[in-house]
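1. Just the structure for this:
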Amino acid sequence: MAGLDDEDIIDGSDEEQEDITPADILHKLKQSWIDETRCPELLEYDGDVVDCMLDQIHQMEANLRRVSKTDFKISIHKMEVDRIRYMIASYLRCRLQKIELYHRYLLSNEEQRRRLSPAELKFATEFQASHEAHFREVALRHMPSSGAAAHSQAESESEVPLSGEGSRLQAAEATVAPSLDTHVYLRAATDCPGVLITDEAGDSRTEEVDLVSGSQYLLRYEPVHKLLHKGDVHLI
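-> Okay, here's the model as predicted:
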């Protein structure tokens, strides 16, 4: 069986090439992965890139099956497939960890909900329901039997938060939000003039900082988070 060139492994399709190449998709996936793992908040799901890269992996694996096992390049390309799979798994795992931690915050407003994929939204909703059910069960377990029965009856008749164990339960379910005061390393993808940075010395003064394309900075996340969402900066 004949061996394949590198380009054949990456894209074995005879169809017309689109403007975006597999290398471009891989670069976008890597940047989305780095941004997500370095960012304190959940970013918008880059589903198009993930789906496209998964399709590309399937194509690469199909091409590898056509390569002679004696071809020395096959192990190199298998390592590349494994590397891409790792990035996708790490990207999705990081997002799930943030969803578990910030589920109430993410489901509390529409802007945050739009950052979730349909599967992630379903997971967040079910996770919150099971989380709340668990806390109710724990709270009732530590009540006297008569108090637990009264609590269950009152809860079923009214949605008003109850005192005592009810208030403790409500406190346990308090919304956890990501800290935007975290400092991040970033690289400017384009010139970003006039970024307002608050003086952290405690006098609440602000100064304008011009971010130069290609330059790297260590800044508080909050002043630059909109730039990250627009793609004007990337985390490193």
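
2. center of this protein - which residue?
-> Arg95 (3.3 Å; CA atoms, centre = their mean).

3. any idea how far Ile99 is from Gly214?
-> 33 Å (CB to CB, to the nearest Å). Where you see a C-beta, it was placed from the backbone N, CA and C, and this is true even at glycine.

4. I'd say the residue nearest to the centre of the chain and Phe123 touch.
-> No: taking CB atoms under 8 Å as the definition, Arg95 is not a contact partner of Phe123, at 9.8 Å.

5. So for Arg85, what pLDDT did the model give?
-> Looking at Arg85, its pLDDT reads 96.

6. what's near enough to touch Leu107?
-> Arg113, Ala124, Thr125, Gln128 (CB atoms under 8 Å, 6 or more residues apart in numbering).

7. which among the residues you listed end up buried?
-> Ala124, Gln128 (16 or more other CB atoms under 10 Å).

8. And the next helix or strand past the longest helix seen in the chain?
-> Determined from DSSP state H, the single longest helix within the chain is helix 73-107. Following helix 73-107 in sequence order, the next helix or strand is helix 110-113 (DSSP states H and E).

9. mind checking how far that next one is from the chain centre?
-> Offset of helix 110-113 from its chain centre (CA atoms, centre = their mean, to the nearest Å): 14 Å.

10. ok, and what's touching it?
-> The contact list for helix 110-113, computed with CB under 8 Å, 6+ apart, reads Leu42, Tyr105, Leu106, Leu107, Leu121.

11. returning to what we had before: any idea how far the residue nearest to the centre of the chain lies from Arg83?
-> Arg95 is 19 Å from Arg83, by CB to CB.

12. returning to that earlier point: between Gly214 and Ile99, who's got more neighbours?
-> Set Gly214 next to Ile99 and count neighbours by other CB atoms under 10 Å: Ile99 wins out with 21 against 10.

13. which residues touch the closest residue in space to that one that isn't next to it in sequence?
-> Once flanking residues are discounted, Ile99 sits nearest to Ala124: 5.0 Å by CB to CB, 6 or more residues apart in numbering. Neighbouring residues of Ala124 by CB under 8 Å, 6+ apart: Ile99, His103, Leu106, Leu107, Leu116.

14. How about the contacts made by the second one?
-> The contact partners of His103, by CB under 8 Å, 6+ apart, come to Ala124, Phe127, Gln128, His131.

15. at 6 Å instead, please
-> Applying CB atoms under 6 Å, 6 or more residues apart in numbering to His103 gives the contacts Ala124, Phe127, Gln128.

16. Now do it against Val195, distance only.
-> Distance from His103 to Val195, by CB to CB: 31 Å.

17. With the last one instead?
-> Summarising the geometry, the distance separating Leu116 from Val195, computed by CB to CB, is 28 Å.

18. thinking again about what came up before, centre of the chain to the longest helix of the chain, how far?
-> With CA atoms, centre = their mean as the basis, helix 73-107 stands 9 Å off its chain's centre.

19. Could you list the buried residues of it?
-> Applying 16+ other CB under 10 Å to helix 73-107 flags 74, 77, 80-81, 84, 87-88, 91-92, 94-95, 98-99, 102-107 as buried.
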